[in-house]
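Student: fold the following for me, if possible:
(chains A and B)
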Amino acid sequence: KAGVTQTPRYLIKTRGQQVTLSCSPISGHRSVSWYQQTPGQGLQFLFEYFSETQRNKGNFPGRFSGRQFSNSRSEMNVSTLELGDSALYLCASSLVSRSEIQETQYFGPGTRLLVL
Amino acid sequence: GENVEQHPSTLSVQEGDSAVIKCTYSDSASNYFPWYKQELGKRPQLIIDIRSNVGEKKDQRIAVTLNKTAKHFSLHITETQPEDSAVYFCAAPHRASGTYKYIFGTGTRLKVLA
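Tutor: Numbering: from 1, shown residues only, chains lettered A, B, ... in the order given. Below you'll find the predicted structure:
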């Protein structure tokens, strides 16, 4: 099976702009989680989508949002970009047959966002 | 609260020596613990995982041990090689909103000196 893919791989934006990142999970995986990775903060959980519904959300401001489509592909959007949003944004997919199952997550290559 | 503590933050070992990284979690309902390796500029890759029905799991030079009572688990790498140099992350699931989200440790930068 093909792995998790993310587009674009690199982005340069300026403060105040908005950005949309895309994630395609492994075929058959229905859960997609998003993480922000920075040198100082490590991997921080943004949100998780399952069957087009947001099931979990991390401690990020409302400028960070996401959605999931019927084919399980997911997008995340960041509005009104700030310098501190510069980071590697990773998505991870998992099978998740039932909500009580703790499943393995597989990561995409990430989108590196630089905000100037 | 939701927390995964990982130690040490950096670790340097001589090639051929062993390396041990430890993590502590807080959610007693957690029963699956993965370890990821992230090389520079690459995605985190799952290298080994363990479920709470076993205390230890091995895969060639890599092993993971779990102590559910103490809520900690460890990664052991034996006969380290230069290609083991990377950042290693542990993770533990934390129950939220009827399902689970993963909390990651802050990472351990392992340097294997040739």
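Student: got the contact list for residue 19?
Tutor: Just going to use chain A. A:11, A:13, A:77, A:78, A:81, A:113 (Cβ atoms under 8 Å, 6 or more residues apart in numbering or on different chains). The C-beta positions use only the backbone N, C-alpha and C, and glycine is treated the same way.
Student: not quite, I wanted chain B
Tutor: Residue B:19 touches B:11, B:13, B:75, B:76, B:77, B:80, B:84, B:110, B:112, counting by Cβ under 8 Å, 6+ apart.
Student: and chain A, which of the residues you listed reach it?
Tutor: When Cβ under 8 Å from any Cβ of the partner chain is applied, no member of those is adjacent to chain A.
Student: can you report how many residues lie near residue 109?
Tutor: Answering for chain A, as no chain was given. Using other Cβ atoms under 10 Å in any protein chain shown, residue A:109 has 17 other residues around it.
Student: not what I meant, chain B
Tutor: Neighbours of residue B:109 (other Cβ under 10 Å): 14.
Student: still on that earlier bit, restricted to strands, list the contacts of residue A:19.
Tutor: The strands, defined by DSSP state E, take in A:11, A:13, A:77, A:78, A:113 from the contacts of residue A:19.
Student: mind checking how far the fourth one is from residue A:105?
Tutor: To residue A:105, residue A:78 is 21 Å away according to Cβ to Cβ, to the nearest Å.
Student: buried ones in stretch B:65-74, by neighbour count?
Tutor: Within stretch B:65-74, the residues scored as buried using 16 or more other Cβ atoms under 10 Å in any protein chain shown are B:65, B:66, B:71, B:72, B:73, B:74.
Student: if we can go back for a sec, from the ones in strands among the contacts of residue A:19, which would you call buried?
Tutor: For the ones in strands among the contacts of residue A:19, a burial check counting by 16+ other Cβ under 10 Å picks out A:11, A:13, A:78, A:113.
Student: roughly how far apart are the most centrally placed residue in chain A and residue A:10?
Tutor: Centroid-nearest residue in chain A: residue A:34, 2.8 Å away (criterion: Cα atoms, centre = their mean). When Cβ to Cβ is the yardstick, residue A:34 and residue A:10 sit 17 Å from each other.
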